[in-house]
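**Q** dropping a prediction and its sequence here:
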Amino acid sequence: MSDAPILEASGLDLRFGAVPALDGVALGVWPGEVVAILGESGSGKTSLLRVLSGALAADAGEVLYRNAAGALVPVHAAGEAALRRLARTEWGFVHQNPRDGLRLGVSAGGNVGERLMAVGARHYGGIRAAAAEWLRRVEIDPARMDDLPRDFSGGMQQRLQIARTLVTRPRLVFMDEPTGGLDVSVQARLLDLIRALVADLGLAVLLVTHDIAVARLLAHRLVVMRRGRVVEHGLTDRVLDDPQHEYTQLLVSSVLAA
Amino acid sequence: MSAAPQDAAGGGTLAGYNFAYLDEDTKRMIRRALLKAVAIPGHQVPFGSREMPLPYGWGTGGIQVTASVIGPDDTLKVIDQGADDTTNAVSIRRFFGRVAGVATTERTAEATVIQTRHRIPETPLREGQILVYQVPMPEPLFRLEPRVAETRRLHALGDYGLMHVKLYEDIARRGEVTISYNYPVMVNGRYLMSPSPIPAFDNPKMDRMPALQLFGAGREKRIYAVPPYTAVRSLDFEDHPFRPNRADAACALCGSRDSYLDEVVTDDRGGRRFLCSDTDYCERRRAEQ
């Protein structure tokens, strides 16, 4: 990990009417690091992800992204064109529901190739080769490249979404409950895959989850949120083994053991 | 484009009727849209489309553009699918003959304004000519992105990956791009444009054409343009280059192997002939033989 954060947010405030979704949130993500945002429903974690990725404007505060050239980009002041360019080159998004991240009427190969074509790839054979390679990496049989994702299982759709996101080698990936809605064995394989890919590619990942096991397995650092405030943060094992804040203690003690 | 006379009703026509059907204020509005369209090649400019005395889909956009650029000294040619003698072409030509009193012709080379539906004439156009296209759907992305607001954003950001996904899917499923008409083009390296439903065969003629190309979509209320000598490139992949297709036959009348052919079914036992779709081109060739 280098010393300069890839993404840095400070003083984020956001209200939905009287409800504070974010209340003075500050956060940093360093290159190659997986940060999990943990909290119950309504704690503001998805709002935080959306504000950090520029999809939602905060009432106050600033989000700075350090791009591949080393320049600081103010995410909310960069303009839509610059944000879109970032979103299809240096950033990636993995949605909870693969239907939000995939085009279900376009073949698996086309889904993976779309990001390549969006950044200017114009060689059909090259796009197909890259798509086949990425399908293999996410354990989808490349023979199914021309099949539609709507005929895939939920776990395969999620892996396809990951392939589609990572094909342009983003530096920072936002994941919103990537394993939500999958059964446990599929979830375990997917977590394994994500962990291997993240380590391989040296990605910085910002992960939103309510599942402590997912956070434990993937994240280096944890940020615990409640009612729009960061109540505790630190190294994953430290936070989970020795929770300081009462809310974190409650979360950790609420985990069901099989 | 000659200057349209302000007192165009002169010359013994009926009081209260204006030269070329539209009133001068409407023509001015359309010309403003045209100027903007020419200034931003391939960009769709909204305009206040008027009711015209023919149904939507018959060329209400093209006829308004023609009415706005035509002057008394112009010579008009109107073609429909390449032919000068089909209902649509005949009635639009007669319409301008009556409301503007302009000379009409079937000869491509003699015309100064050519209104067309679905073809570009085989005879190369020259400087000073204006080609007016009738456009049913100006938005090249409309089958791919149903939200109009989003398509405008994609145009603004030059985000055309989606169109390439469509081409990719065609090649993956059928081995080639299967778009045979309305083949999307990139204008001046910036805007993705629908060439109106001309056959892909005609696409290369748009590239660096010496004539001015104007596009009018009446129902969708959009005007766009390609100025003379502007680069118009059909989208493709490096390893699957754009290939204009044409029936592999010679015209049954003039024997041309270069022109775009219509397939004409002659009986119910599979009999068919191929004829030039451009009737003027075909007749001229036969006259020379």
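**A** Received, thanks.

**Q** for the one residue in the stretch 151-289 of chain B that gets nearest to chain A, give me the pLDDT.
**A** Of all residues in the stretch 151-289 of chain B, residue B:161 sits closest to chain A, at 3.0 Å by C-beta to the nearest C-beta. In this view, the C-beta of every residue, glycine as well, is placed from N, C-alpha and C. With respect to pLDDT, residue B:161 scores 88.

**Q** quick one: buried residues of stretch B:139-148?
**A** B:139, B:140, B:141, B:144 (16 or more other C-beta atoms under 10 Å in any protein chain shown).

**Q** mind putting the residues you listed into JSON lines with secondary structure, distance to residue A:66 and pLDDT?
**A** Below are those laid out as JSON lines (DSSP: H, G, I helix; E, B strand; the rest coil; distance: C-beta to C-beta, whole Å; pLDDT from 0 to 100):
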{"residue": "B:139", "secondary structure": "coil", "distance to residue A:66": "38", "pLDDT": "96"}
{"residue": "B:140", "secondary structure": "coil", "distance to residue A:66": "37", "pLDDT": "95"}
{"residue": "B:141", "secondary structure": "coil", "distance to residue A:66": "34", "pLDDT": "94"}
{"residue": "B:144", "secondary structure": "coil", "distance to residue A:66": "34", "pLDDT": "88"}
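
**Q** got the residues of the stretch 101-250 of chain A near chain B?
**A** The stretch 101-250 of chain A comes close to chain B at residues A:103, A:106-107, A:109-110, A:113-115, A:117-119, A:122-128, A:145-146, as judged by C-beta under 8 Å from any C-beta of the partner chain.

**Q** mind checking which of these are in strands?
**A** Among those, no residue falls in strands (DSSP state E).

**Q** out of these, which end up buried?
**A** A:103, A:106-107, A:109-110, A:113-115, A:117-118, A:122, A:124, A:127-128, A:145.

**Q** one step back: give me every residue that touches the closest residue in space to the residue of the stretch 151-289 of chain B closest to chain A that isn't next to it in sequence.
**A** What sits nearest to residue B:161 in space, not counting adjacent residues and going by C-beta to C-beta, 6 or more residues apart in numbering or on different chains, is residue A:118, at 3.0 Å. Residue A:118 is in contact with A:88, B:159, B:161, counting by C-beta atoms under 8 Å, 6 or more residues apart in numbering or on different chains.

**Q** may I have the predicted confidence score for residue 206?
**A** All of this is about chain A. The model's pLDDT for residue A:206 equals 94.

**Q** ah, I was thinking of chain B
**A** On pLDDT, residue B:206 comes in at 97.

**Q** contacting residues for the closest residue to it other than its chain neighbours?
**A** Sequence neighbours aside, residue B:232 is the residue nearest to residue B:206 in space, at 4.1 Å (criterion: C-beta to C-beta, 6+ apart). By C-beta under 8 Å, 6+ apart, the residues touching residue B:232 are B:185, B:186, B:187, B:188, B:193, B:195, B:203, B:206, B:207, B:208, B:209, B:226.

**Q** would you agree the last one is in contact with residue B:41?
**A** To tie it back to what came earlier, the one meant is residue B:226. Yes - the criterion here is C-beta atoms under 8 Å, and residue B:226 meets it with residue B:41 at 5.5 Å.

**Q** and residue A:139, how far from chain B?
**A** Separation of residue A:139 from chain B (C-beta to the nearest C-beta, to the nearest Å): 21 Å.

**Q** element containing that residue, please.
**A** Under the criterion DSSP states H and E, no helix or strand holds residue A:139.

**Q** quick check: phi and psi at it.
**A** phi 60, psi 40 (degrees, to the nearest 10).

**Q** next one: residue A:15
**A** Backbone phi and psi, for residue A:15 under degrees, to the nearest 10, turn out to be phi -120, psi 140.

**Q** that one against residue A:21, yeah?
**A** Yes - with contact defined as C-beta under 8 Å, residue A:15 reaches residue A:21; the gap is 6.6 Å.

**Q** okay, now the domains of chain A?
**A** A:7-90+A:170-253, A:103-168 (automatic domain parsing).

**Q** so which of these comes closest to residue B:122?
**A** Of all the domains of chain A, domain A:103-168 sits nearest to residue B:122, with 30.6 Å by C-beta to C-beta.

**Q** endpoints of the closest one, how far apart?
**A** 17 Å (C-alpha to C-alpha, to the nearest Å).

**Q** which element is residue A:134 on?
**A** Using DSSP H and E, residue A:134 falls in helix A:124-137.

**Q** ok, and what's touching that helix?
**A** The contact list for helix A:124-137 (C-beta under 8 Å, 6+ apart) reads A:108-109, A:112-113, A:116-117, A:121, A:141-142, A:144-145, A:160, A:163-164, A:166-167, A:197, B:168, B:171-172, B:237-240.

**Q** would you tell me what the next helix or strand after that helix is?
**A** helix A:154-166.

**Q** put the alpha carbons of that next one into CSV.
**A** Extracted in CSV, the C-alpha atoms of helix A:154-166 (Å, rounded to 0.1, in the frame of the first residue of the first chain):
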residue,chain,number,x,y,z
GLY,A,154,-27.9,-16.2,-10.0
GLY,A,155,-24.4,-17.1,-9.0
MET,A,156,-23.2,-17.2,-12.7
GLN,A,157,-24.9,-13.8,-13.3
GLN,A,158,-23.1,-12.4,-10.4
ARG,A,159,-19.7,-13.8,-11.6
LEU,A,160,-20.5,-12.4,-15.1
GLN,A,161,-21.1,-9.0,-13.6
ILE,A,162,-17.7,-9.2,-11.9
ALA,A,163,-16.0,-10.2,-15.2
ARG,A,164,-17.7,-7.3,-17.0
THR,A,165,-16.6,-4.9,-14.3
LEU,A,166,-13.0,-6.1,-14.1
